[in-house]
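In: I'd like to go over a predicted model; first the sequence, then the structure.
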Amino acid sequence: IFKFLGAISVDLGKDRIKPYLPTILTPLYRELNSTYAEQDPTLKNLSQEIIELLKKLVGLEVFSLAFASVQKQAHQKRAMRKKQRALQTVANPDIAARRKMKRHKNKAETRKRKIEFLHPMYKAKRPRSHALKDLAMVE
């Protein structure tokens, strides 16, 4: 898709690409700022190359304005999600409690996995079954 976006932007040219610039930059910006563990470095490099191509194509000033608007939009979305999550903890405390318990359980499992990796002789205790315990917590 990134190659397609680059090809379309070159094909459209300097004047006709300007209205579509924020739409093209949105996935590129998302890929550049992603913090996923399994991130593909080739995608990041490709998005950087296409951004450089767009900079040369439309000029630095027009590109900077479009990129700033995409950045602002992304920050607003992130802040909105964070605000809604905070409001949900107040509005639905039971859902928030379940989410928190799940997070703590995952954290404990990760800690056990890390201990087993660092100390192969040591075996961390693992629960035999979660079924009854989960039913008790939900109700």
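Out: Structure received.

In: pLDDT (mean, whole number) over stretch 9-16?
Out: Averaging pLDDT along stretch 9-16 yields 90.

In: swap in stretch 91-103?
Out: 91.

In: That one: how far from the chain's middle?
Out: The chain centroid and the centroid of stretch 91-103 are separated by 22 Å under C-alpha atoms, centre = their mean, to the nearest Å.

In: swap in stretch 10-25?
Out: Centroid displacement of stretch 10-25 relative to its chain, using C-alpha atoms, centre = their mean, is 25 Å.

In: Ile50 touches Phe4, doesn't it?
Out: No - Ile50 lies out of contact with Phe4 (C-beta atoms under 8 Å); the separation is 10.1 Å. No exception for glycine: its C-beta is placed from N, CA and C like everyone else's.

In: so is Pro120 in a helix, a strand, or just coil?
Out: Under DSSP: H, G, I helix; E, B strand; the rest coil, Pro120 falls in the coil class.

In: okay, stretch 88-105 in CSV with CA atoms only?
Out: Taking C-alpha atoms only, stretch 88-105 is exported to CSV below (Å, rounded to 0.1, in the frame of the first residue of the first chain):
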residue,chain,number,x,y,z
GLN,A,88,-15.2,4.3,31.7
THR,A,89,-13.5,3.5,35.0
VAL,A,90,-15.8,5.9,36.7
ALA,A,91,-19.0,4.9,34.8
ASN,A,92,-18.4,1.2,34.8
PRO,A,93,-16.3,0.2,37.8
ASP,A,94,-17.0,-3.6,37.3
ILE,A,95,-15.6,-3.5,33.8
ALA,A,96,-12.6,-1.5,34.9
ALA,A,97,-12.0,-4.0,37.8
ARG,A,98,-12.1,-6.9,35.4
ARG,A,99,-9.6,-5.2,33.1
LYS,A,100,-7.3,-4.4,36.0
MET,A,101,-7.4,-8.0,37.2
LYS,A,102,-6.6,-9.3,33.7
ARG,A,103,-3.7,-6.9,33.4
HIS,A,104,-2.3,-8.0,36.8
LYS,A,105,-2.7,-11.7,35.9
